[in-house]
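Fold the following for me, if possible:
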Amino acid sequence: MYYFTSDLHFGDETTMKVENRPFKSVKQMNKILIKNLNKVLTKNDILYVIGDFLDCDDETKTSWSDVSDFPKKIKAPVILIMGNNEERIMKYFFNNDFEAFRNYCMENGFEDVKQDDYIKMNGKDFYLVHKPTQYKKNYINLFGHLHREGGIWKPFGLNVATDLNHFRPYSQDDIFTLLDKKATFWDKDKDLWIQ
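Numbering: from 1, shown residues only. Below is the predicted model:
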């Protein structure tokens, strides 16, 4: 089974505070995020993290390296789709060398790291990308970056941010349940559309 999440921001106190996450400390947040993932994942599943597994504001912030081996704590293989924070880490600490950053991540437990990805589930074509502004037409887009901002639904796809799902991943069954709601209600109710 495929699972999806984004914007975990392991180890980042700023995200915890700005997003008003209900944790007493970063240590508790990290622990609960891992626990919630492992409650549902098995070694036979695949977890896609659609950006911002880690956090990095600038070239002086190195705390991301303290949590870079967290994929080893997750039961399922983790495929990372690059988010803006990973892009900053790659820029500041890997000389903008994607392959060097990818190799570092894989040495620390990631199954793979990709800029974006295309997958097929139940005969439907999906595009996985961190920033919703980079969505692809004619695909169901799964994205992150917005956290809770703007909600889960967009006409072109779904926001899979951890903040929108009680800090749990979305299963592929969850995705199809949401897509059914999108098709039968959200896409038809023009009062929900933000102009």
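
now the strands for the protein?
2-5, 46-50, 78-81, 112-114, 117-121, 124-128, 140-143, 153-154, 157-159, 170-171 (DSSP state E).

Worst mean pLDDT among those?
Set side by side, these give their lowest mean pLDDT on strand 153-154, at a mean of 90.

Partner strands of that strand, with direction?
Strand 153-154 pairs in its sheet with strand 157-159 (antiparallel), by DSSP bridges.

Hey, what's the angle from the longest helix anywhere in the chain to strand 46-50? Just curious.
If you go by DSSP state H, the chain has its longest helix at helix 26-40. Going by axes from the mean of the first three to the mean of the last three Cα atoms, to 10 degrees, helix 26-40 is angled at 140 degrees with respect to strand 46-50.

follow-up on the earlier one: got TSV for the strands of the chain, with distance to L179 too?
Quick note: C-beta positions are derived from backbone N, CA and C, even for glycine. Listed next are the strands of the chain as TSV, based on distance: least, Cβ to Cβ, whole Å:
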stretch	distance to L179
strand 2-5	12
strand 46-50	16
strand 78-81	19
strand 112-114	23
strand 117-121	10
strand 124-128	8
strand 140-143	7
strand 153-154	10
strand 157-159	7
strand 170-171	11
